[in-house]
Every structure is written in C-alpha cells, then in structure tokens.
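**Student:** sequence and predicted structure, then a few things I'm wondering about:
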Amino acid sequence: MKLCEMSASELRQTYLNFKKEYDEVCELGIDLDISRGKPNGAQLDLSNGLMTCLDKSVIDKCSFDYRNYGVMEGVPSSRKMLAPLLGVAPENTLVCGNSSLNIMYDCIVRAMLLGVLEGKTPWSQLPKVKFLCPAPGYDRHFAICEEFGIEMIAIDMTETGPDMDTVEKLVAEDETIKGMWCVPKYSNPQGITYSDETVRRLASMKTAADDFRIFWDNAYCIHDLYDEGDELLNVLDACTEAGNPDRVYIFFSTSKISFAGSGVAAMGGSKNNIDWQKKRMTIQTISFDKINQLRHVIYYKDADGLKEHMKLHADILRPKFETVLKAFDEQLAPLGCVYYPRPRGGYFISLDVMDGCAKRVVELCKNAGVVLTPAGSTYPYKNDPNDRNIRVAPSYINVDELEAAVSVLCASVKLACAEKLLEK
C-alpha cells in the first residue's frame, strides 16, 4: 500500500516498522561514501598501459619533438582522435590539459574580462550577468557562476532536456542572460539525453543578447552502460544550420575514461570561437602537456578505440547501476512517493523523494554511516526549492558495499517519508 493511502493508525505502525529497520542498519557499522562520481580502482586499472606505452623511440619517430614548447592547439593526432567526440572538425578542436572543468572556468573568466569575441563587451563591465541552469544539474557548474557573481536562473528538466518553453521565453526577453549550462547526454544527475527537438530549439532560439553562449559539457558522450546507447544530435551542426555557429562551446575530457586528473581535455566550436580562444590561451600558457596527449593517442589510437575501451568500463558500472535501481524498485517504488529516472549511461542516479525530505534523508544516511552529496547541491545556490532531490554516485565502491549503502539509503527514505506524513 502507498504511504499516502494509509490510515493514521496504519501510518503510525508503518513508521514504527521503518524506525526498527533503520535502527538495525545503524548497528551494522557501515562506513561508505557515495557522494562523488569517481572511477574505482578496477576502472583505473583498465588504462594502466598508459604508463608504459611511451618511450623515446616514439618521440624520435614524430615529425615534431613534443617534449618541447609549441603546438598550442594540441598534438594533431590528438585533435583528430577527440574531434569526433566533440562533433567538430579536427581544425576546430583545442586539446588542452587534463580538465574540461578548467577549460570552462577559463572561458568564463575570458568572457568576464575580455568578452567572447573581438568587439564584444566584457561581461564584467555590464551591470548584471545571468546564466540559465537546468536543474537538477552539476554543482561545479553552479559554483563557477557563484565565484564570479553571475546570477543563476534554475530551469526545470524534463524527460527531453531543459524546459524549452521557459528557456526560449527568458532568452528572448532578457539581454542580461549571457549563457546556459548543458550536460546534454546522460545529464548529471538524472541521466537524461536531450532530444533532437531540444537541441534544435537551443540552436535556433532568438536571444536578446548577441553574445549568448551555450556551455555544452558533453562529459558522458561515450559513457553508455548498454550496447544501444542514447543518440545526441550534433549541436554545432544545428547551430550552424540555424545561422548561429558561434553560439556553442563544446567540452569533453577523458577524466572518467583514462586516469581521473591525468587525462586530456578538449574544446570544440566554430572557427571564430576556436581562433579567439586559442589567441587568448597563447597569453596564458606556452603549450599544454603534449606528452600526455601523445600517450593517449598511442594507447587508445582513435575515437573508436576510446569507445571500445568504454565498453570495458560499462561492464564494471552496469551491475552497480542495476543494483541501485533494483533496490529502489523493490523497496521504494511501492511507497508511491519517490521518482527516479532509469539512466542508460553516465555516472549518477537521481532520486526524488517526498517534498521536504531530502535533507532529512541525507542526515539519516550520515548517522547510519553513508555519505551522500549534500541535499540541494544539484540546484543553483544549493537551494532545492522542494527539498526532494538526492544524487547517488554508485561508481566508486564495489557491488557488495553498494548493496549495504543502498540498504541504508532506502531505510532512510522510508523513515523520512513516514515522518513527514505523520507531521501532516
């Protein structure tokens, strides 16, 4: 029976049963963390060959000595390997350091200090700058906006991506809206992939600001859990067809493919955008780590090699996602007061609990030995207006540990929801 259909006496007894279940999991002495989407050791082991695949003989065969300065835009073979994942031509690709978040941060800084192209007003010289932020979303995107005083406007996510009616209305009316964050494939945390219609509407919508930019964080473009992964429309092609080729910056990294913190990151976009960003980068640095770029090309060979490598990751991750979803299906779905999409890729599972219960669930889990991402983190300013979204990161711990962690989570959700209904 669903919780909301119970009589007062039935609810009180159910609460006591849930409290007993919660007390029992508290006594297990669990100490687990499912707060961040980190690869586990087995995934990292898949790329150990990166540490031995490069020696001086490889450098000697290259037409350029990549140990030296230069080649600001990245090793040509690396640009060729990553370009298909960005959906751009190799010449419209910049391969940088290890972090796509770093590139995004720098793009924001440049826009604030220098504008987005020649002749465009630096955003810091404007009285106000706003960004649209699909939510639930990625907390580190929101943190960048907070860092620079960019006002964030939360946009509800739907099953096909951001609520485009709201997006189109806002950007058409308000010239202070300068940008938008997007995780378009297997979104963080819901695992939603933008529909073709959503991509086309983003590409073609009328914006009051002539320097509006979409920050297209394609972090999970090859992070499929199943053989038949989601398909995402090429955003640069859509923008170009709509007459807005400069609208989008596209980002990608191998941080959850090779070694977290030691991968390679890249940016793609129109020729105007890439030329402008490269010109600014040459002031910032002389060149990035080309040895690491070359090492990745030697080990993975090309974009298809990266995709094949990610099938090995999927074999490790899939049972973990299925473990969490099975527990939710069996223990939480019958309550009738939770919602969770079923992602087919990415790194997270999003759980919506009864309104007003997320913070309580996180607190109960912590008291029982399980660390979750703080409630509210998936919203701008860490403010979930309904206090209902919880992000679950199943990747780092093993399946046995995950079963224990999810048993605590489910017990905490049941207790928190029963408490909330009893309050009413």
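**Tutor:** Noted; the coordinates are in hand. The structure displayed is predicted, hence computed values, not measured ones.
**Student:** report all helices and strands that the helix or strand bottoming out on mean pLDDT in the chain contacts.
**Tutor:** Here the helix or strand of the chain ranked lowest by mean pLDDT, DSSP states H and E is helix 56-61, holding a mean of 86. Here helix 56-61 touches helix 290-300, going by 3 or more CB pairs under 8 Å, 6 or more residues apart in numbering; DSSP states H and E. For glycine as for every other residue, the C-beta is placed from the backbone atoms N, C-alpha and C.
**Student:** buried set for the helix it packs on?
**Tutor:** By 16 or more other CB atoms under 10 Å, the buried positions in helix 290-300 come out as 290, 292-297, 299-300.
**Student:** please name the nearest non-neighbouring residue to Lys120.
**Tutor:** Closest residue in space to Lys120, ignoring its immediate chain neighbours: Asp211 at 4.6 Å, by CB to CB, 6 or more residues apart in numbering.
**Student:** count of neighbours near the one you found?
**Tutor:** 19 (other CB atoms under 10 Å).
**Student:** mind listing what Glu241 touches?
**Tutor:** Contact analysis of Glu241 by CB atoms under 8 Å, 6 or more residues apart in numbering lists Ala203.
**Student:** next one: it from Gly87, what distance?
**Tutor:** Distance of Glu241 to Gly87, given as CB to CB, to the nearest Å: 13 Å.
**Student:** then Leu409?
**Tutor:** For Leu409 relative to Gly87 (CB to CB), the value is 36 Å.
**Student:** now swap in Phe251 and tell me
**Tutor:** Phe251 is 12 Å from Gly87, by CB to CB.
**Student:** looking at these two now, which is surrounded by more residues?
**Tutor:** Using other CB under 10 Å as the criterion, Phe251 and Gly87 rank with Phe251 on top: 24 against 21.
**Student:** so where does that one fall, helix or strand?
**Tutor:** strand 248-253 (DSSP states H and E).
**Student:** what's downstream of that strand, the next helix or strand?
**Tutor:** Toward the C-terminus from strand 248-253 - assigned by DSSP H and E - lies strand 265-268.
**Student:** anything in contact with each of Phe251 and Gly87?
**Tutor:** Common neighbours of Phe251 and Gly87 (CB under 8 Å, 6+ apart) are 218, 268.
**Student:** all strands for the stretch 101-250 of the chain, in order.
**Tutor:** Assigned by DSSP state E, counting those that start in this stretch, the strands in the stretch 101-250 of the chain fall at 130-135, 151-158, 161-162, 177-182, 213-217, 248-253.
**Student:** name the helices or strands packed onto the fifth one?
**Tutor:** The reference is to strand 213-217. Here strand 213-217 touches helix 100-114, strand 177-182, strand 248-253, going by 3+ CB pairs under 8 Å, 6+ apart.
**Student:** so for Gly345, which of the ones you listed sits nearest?
**Tutor:** For those, the distance to Gly345 is smallest for strand 248-253, at 14.5 Å, taking CB to CB.
**Student:** what lies in contact with the closest one?
**Tutor:** So strand 248-253 is contacted by 82, 85-88, 98-100, 103-104, 107, 203, 213-219, 221, 235-236, 239, 263-270, 273 (CB under 8 Å, 6+ apart).
**Student:** how does it look with 6 Å?
**Tutor:** For strand 248-253, the external contacting residues (CB atoms under 6 Å, 6 or more residues apart in numbering) are 85-86, 100, 103-104, 107, 214-218, 235, 239, 263, 265-269.
**Student:** which residues touch Ala404?
**Tutor:** By CB under 6 Å, 6+ apart, the contact list for Ala404 reads Ile30.
**Student:** so where does it fall, helix or strand?
**Tutor:** Applying DSSP H and E as the criterion places Ala404 in helix 399-423.
**Student:** list the buried residues of that helix.
**Tutor:** For helix 399-423, by 16+ other CB under 10 Å, it's 401-402, 404-421.
**Student:** and for stretch 354-366?
**Tutor:** 354, 356-362, 364-365.
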